[in-house]
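Next comes the sequence, and after it the predicted model I'd like to discuss.
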Amino acid sequence: MKHYFRSVQMVFSSLVLGCFSLAAPALAQEEIAEQSPGEILAAAPAEHWLPIPLTDLMVMTLPDAADGSKREAVIQLLPASLSGGHVRNVRTFARTRWWDGTKIYRVARDFVTQFGGNPDAKKLPKGLETVPESEYYNAALGVKRDADMAALKAAVDYSNQYQGTEIQPLMKMIYENTGAQKVGFGGGWPIGSKTVDGELRYYPLTCRGSLSPAHYDPPDAGTGAEMSVITGEAARSLDTTFGMVGRVIAGLEHLQNLPLGTDPGGFYADKSEYTEIESIRLASELPLADQPAYEYLASYSPALLQYIEAHGGYGNICTVPVPIRKVSR
């Protein structure tokens, strides 16, 4: 146990020292205030842009639009170390190409776009896990969030004290009124916590763009065959109610700009209105030339706080998405 704590301390120290050394070129507050969000990201140290592993990406392809343009959405899954059975099931569905030919059958304005098993009633692939509601939570999320937020605070304190900046801490810029006791970023993901049955538990926050599995009757929280992509800003009401397995990081417009369903809840009244899914593939299984590459701004980077503040106004932690950019492979 002593060795474990020592290794955690060494990792934390390296993060803090990295932030300190990279904070040296930080601009004075007067200059920062004049920067646009895009300028802040452009000025962020290259070392603060971290690669999203190819193995955590999926590509969802819809039929071409009426004008012949391609319609693809890139999905980032929660990494295995921060997730459980739902994400493993999602990988199984993609690997077996089970979603190919299934339909988008619900589009509710500023809420969800839903697709998958219902109404196709396809035979499920072998090897799926029965996932209990307890797997909406993951202790590793809390470890990652707390380590990144501690490193961020140390870097900001150093920059403010020795370089004359006035970078605001996260909780000075957001409000949290949707159930989480404490929020923060870890590994590029917004993460919350709350006390359940006397125990503090951690969970990924359901922000706009999140991929959420349908919920069945307890203790079965659903296989993941049916999925909703959250397209509205009020998605936080779904935290720990339907779970969260990933997020759309590119091409969300192709899923939210579909014709709205006219039946209650945004379901399509007629099957002729469904949009067929051509394919959902694990990015690692695509030809090399088609494999996407993305980076995210590190949760311990002071530029993250500057970026949020530069948007002006305040909101909850989901109001300003974590910066993600496409890069050449």
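Noted; the coordinates are in hand.

And the helices in this structure, which stretches?
2-22, 29-33, 37-43, 85-95, 117-120, 139-163, 170-173, 253-256, 302-310 (DSSP state H).

and those helices, which one's lowest on average pLDDT?
Lowest mean pLDDT within those: helix 2-22, a mean of 43.

Can I get stretch 189-205 in PDB, CA atoms only?
Extracted C-alpha coordinates of stretch 189-205, given in PDB (Å, rounded to 0.1, in the frame of the first residue of the first chain):
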ATOM      1  CA  TRP A 189     -14.200  14.200 -19.400                       C
ATOM      2  CA  PRO A 190     -16.600  16.200 -17.200                       C
ATOM      3  CA  ILE A 191     -17.100  14.100 -14.000                       C
ATOM      4  CA  GLY A 192     -19.400  14.500 -11.000                       C
ATOM      5  CA  SER A 193     -19.900  12.900  -7.700                       C
ATOM      6  CA  LYS A 194     -22.700  12.400  -5.100                       C
ATOM      7  CA  THR A 195     -23.400  10.400  -2.000                       C
ATOM      8  CA  VAL A 196     -25.300   7.200  -2.600                       C
ATOM      9  CA  ASP A 197     -26.200   5.000   0.400                       C
ATOM     10  CA  GLY A 198     -23.600   6.800   2.500                       C
ATOM     11  CA  GLU A 199     -20.800   6.400  -0.100                       C
ATOM     12  CA  LEU A 200     -19.300   9.000  -2.400                       C
ATOM     13  CA  ARG A 201     -19.600   7.800  -6.000                       C
ATOM     14  CA  TYR A 202     -18.300   9.300  -9.200                       C
ATOM     15  CA  TYR A 203     -19.900   9.300 -12.700                       C
ATOM     16  CA  PRO A 204     -19.400  10.900 -16.100                       C
ATOM     17  CA  LEU A 205     -21.700  13.800 -16.700                       C
END
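
Buried residues in that stretch, which are they?
189-194, 201-205 (16 or more other Cβ atoms under 10 Å). In this view, the C-beta of every residue, glycine as well, is placed from N, C-alpha and C.

count of residues packed around Ala283?
Look at Ala283: counted by other Cβ atoms under 10 Å, it has 23 neighbours.

actually Asn316, sorry about that
19.

check contacts around it.
Contact analysis of Asn316 by Cβ atoms under 8 Å, 6 or more residues apart in numbering lists 174-178, 236.

The buried residues of stretch 189-205: which two are farthest apart?
Spatially, the most separated pair among those is Trp189 and Lys194, at 16.4 Å (Cβ to Cβ).

from the buried residues of stretch 189-205, which single one is nearest Ile230?
Using Cβ to Cβ, the buried residues of stretch 189-205 come closest to Ile230 at Leu205, 10.7 Å.

before we move on, the earlier item: just the buried residues of stretch 189-205: which are in strands?
Of those, the ones assigned to strands by DSSP state E are 189-194, 201-204.

and the least confident of these?
Where pLDDT dips furthest among these: Lys194, at 90.

Just give the number of residues close to the nearest residue to that one once chain neighbours are set aside.
Distance criterion Cβ to Cβ, 6 or more residues apart in numbering; nearest residue to Lys194, sequence neighbours excluded, is Gln181 at 5.0 Å. Gln181 has 11 neighbours, counted by other Cβ under 10 Å.

same deal with Gly84?
Gly84: 20 surrounding residues under other Cβ under 10 Å.

One more: Leu297?
Leu297 sits with 21 neighbouring residues when counted by other Cβ under 10 Å.

quick one: contacts for it?
41, 44, 48-50, 188, 303-304, 307, 322-324.

For those residues, work out which two are farthest apart.
The largest separation in those, counting by Cβ to Cβ, is between Leu50 and Tyr307 at 15.0 Å.

Give me the pLDDT for Trp174.
For the record, residue 174 is Ile, not Trp. 87.

I'd say it and Tyr314 touch.
Yes - assessed by Cβ atoms under 8 Å, Ile174 is found in contact with Tyr314 at 6.3 Å.

quick one, which of these two is more surrounded?
Using other Cβ under 10 Å as the criterion, Ile174 and Tyr314 rank with Ile174 on top: 18 against 13.

Any idea what the more buried one is bridged to?
Ile174 forms beta bridges with Gly315, as assigned by DSSP bridges.

Kindly provide the distance from it to Thr319.
Applying Cβ to Cβ, to the nearest Å, the value for Ile174 to Thr319 is 7 Å.

Mutual contacts of these two, please.
Residues touching both Ile174 and Thr319 (Cβ under 8 Å, 6+ apart): none.

ok, back up a step: nearest to Trp99, of the ones in strands among the buried residues of stretch 189-205?
For those, the residue nearest Trp99 by Cβ to Cβ is Pro204; the value is 21.6 Å.

Bridge partners for the closest one, pull those for me.
Under the criterion used (DSSP bridges), Pro204 bridges to Ile191.

Could you double-check that it sits in contact with Gly142?
No - with contacts counted by Cβ under 8 Å, Pro204 stays clear of Gly142, the gap being 11.1 Å.

what do those two both touch?
Ile191.

residues in contact with the residue lying closest to Glu176 once chain neighbours are set aside?
Nearest residue to Glu176, sequence neighbours excluded (Cβ to Cβ, 6+ apart): Val183, at 5.4 Å. The contact partners of Val183, by Cβ under 8 Å, 6+ apart, come to 174, 176, 190-193, 205, 317.

If anything else comes up later, I'll come back, but that's it for now.
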